[in-house]
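Peer 1: got a structure for you, letters missing:
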C-alpha cells in the first residue's frame, strides 16, 4: 500500500481559494458561513492562583494547639485561621471575608 502524496501548504490554500472568485458556481452549490462559537468561559481560577500568600510564624505550642483543634473538629488549620481573621474583622468593625469576596460561605 503506497502512501498518499504529501500536499504543500500552497497547494492546499490554492485549492481552497480559487484565483477567480467571480467564476460561476456549480449548480446546487451553496456558500455556507459558519457562526463562530462564543469564546469558552475561562475556568475559575484556583485559590492558589487568585490569592496572595503570607507566612505566619507560630511558637510550637501555639502551632500544636491549632493543629489539635483542626484535628478534633475535622477541619483544616487554614479554615481555623480564616475564622480567626473573621472574628478579628468583626471585632474591629471591618467587613467580613464573605462580604469582601462576595461569595457565600461554605
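Peer 2: On my side now, so go ahead. The shown structure was predicted, so the numbers you read here are calculated from the model rather than taken from an experiment. Numbering: from 1, shown residues only.

Peer 1: Show me which helix or strand of this structure is least confident by mean pLDDT.
Peer 2: When each helix and strand of the chain is scored by mean pLDDT, DSSP states H and E, helix 9-16 comes last, with a mean of 75.

Peer 1: could you point out where the chain is predicted with low confidence?
Peer 2: Scanning the chain for pLDDT under 70 picks out the ranges 1, 17-28, 103-106.

Peer 1: swap the cut-off to 50 and go again
Peer 2: Judged against pLDDT under 50, the chain has no low-scoring part.

Peer 1: Show me the helices in it, by range?
Peer 2: Counting by DSSP state H, the chain forms helices over residues 9-16, 47-50, 60-72, 77-92, 97-101, given from the N-terminal end onward.

Peer 1: Could you check how far the fourth one is from the centre of its chain?
Peer 2: To tie it back to what came earlier, the one meant is helix 77-92. 27 Å (C-alpha atoms, centre = their mean, to the nearest Å).

Peer 1: Quick one: work out the angle between it and helix 60-72.
Peer 2: 110 degrees (axes from the mean of the first three to the mean of the last three C-alpha atoms, to 10 degrees).
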